[in-house]
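Asker: Provided below are the primary sequence and the corresponding predicted coordinates.
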Amino acid sequence: MITKILVIDNEPPIRQAFVKMLRHFCDESFDIYEADGVKSGITAMESFKPNILFLDIELDDGTGFDFLNSVDYRGVQLIFTTAYNQYAIRAFEYSAIQYLLKPVSPSALQKTIVQATSKMNEADMANQIQVLLNSLQKPKDIEQKIVLKDINGIYFVKISDIIYCEASGPYTEFSIEGGDKIITSRNLKEYETLLESFYFARCHHGFLVNLRKIKSIDKNDGNSLVLEGGNRIPVSTRKKEEIMGLLGKLFLG
């Protein structure tokens with residue numbers, strides 16, 4: 001079986017160097033095709049029908065997002081290649097879509113090829129790309145979703161439905177409305193950075209709480225937070241004042 005890879009980048013020297021690296025890591029079971037922009041990329045996508053797509057964000061005749069809005073990307077493993085762009089990278093993190101920062105290192109590319117080829121049969125990439133596009137168009141929409149992955153599957157969770165997150169070593173356990181629990185392989189600090197603009201705050205070294213889900217602070221129970229659904233989590237003494245200030249801004253403006 002031939003695995004088809006499409007590389008879309010508007011800078012010929014960079015694209016050619018990238019393809020050269022790809023050929024170094026790929027054997028004869030891979031077929032690699034190039035395009036230099038949105039228009040040529042659309043043509044290549046329709047005729048070549050790639051399994052794996054490496055897509056630059058900034059193209060001469062538009063953006064990588066313009067390209068995605070113009071093609072059928074179902075069944076394609078997408079990896080963005082980009083110079084550092086905090087706004088776009090945050091969107092990649094919400095959607096759990098892979099990306100490579102330029103200049104791309106050979107080791108990072110090799111790892112990405114292995115991951116992409118192992119996931120070619122996953123059916124949720126189209127949904128992940130939709131989460132990506134939504135987060136770019138409405139970055140603070142209360143209905144925005146985040147993609148969470150555990151050993152059993154991929155979940156598309158509304159951020160507003162997350163009650164709290166708990167550290168479990170290098171993992172993070174999410175408590176979701178309805179009683180669902182999801183354990184991911186990313187640490188709590190990463191999610192703190194990702195969710196802080198949605199009124200999540202670190203109330204304790206082991207907990208990240210959705211401030212909208214706090215009902216009260218129980219001083220008789222060691223300053224625990226009482227959350228919607230009856231959950232209770234600790235708030236450290238040094239974090240209590242900060243949490244109270246954030247709650248005041250949230251509910252009092």
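Answerer: That came in fine, so what should we check first?

Asker: can you give me the helices in the stretch 101-250 of the chain?
Answerer: For the stretch 101-250 of the chain, the helices identified by DSSP state H, counting those that start in this stretch occupy 106-118, 125-137, 188-195, 237-252, in order along the chain.

Asker: Minimum distance to residue 65: which of those has it?
Answerer: Comparing the helices of the stretch 101-250 of the chain by their distance to residue 65 (C-beta to C-beta), the top pick is helix 125-137, with 6.4 Å. Heads up, the C-betas are built off the backbone N, CA and C, glycines and all.

Asker: for the protein, which spans come out with low pLDDT?
Answerer: Confidence mapping of the chain against pLDDT under 70 gives the ranges 84, 122-124, 138-142, 221-222, 252-253.

Asker: Highest mean neighbour count out of the helices of the stretch 101-250 of the chain?
Answerer: Of all the helices of the stretch 101-250 of the chain, helix 125-137 carries the top mean neighbour count, a mean of 18, counting by mean count of other C-beta atoms under 10 Å.

Asker: So which elements touch it?
Answerer: For helix 125-137, the contact count by 3 or more C-beta pairs under 8 Å, 6 or more residues apart in numbering; DSSP states H and E identifies helix 64-68, strand 77-82, helix 86-95, strand 145-149, strand 154-158 as packing neighbours.

Asker: Tabulate these in TSV, adding columns for distance to residue 170 and mean neighbour count.
Answerer: Conversion of the helices and strands packed on helix 125-137 to TSV gives the following (distance: least, C-beta to C-beta, whole Å; neighbours: other C-beta atoms under 10 Å):
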stretch	distance to residue 170	mean neighbour count
helix 64-68	31	20
strand 77-82	24	22
helix 86-95	17	17
strand 145-149	14	20
strand 154-158	19	16
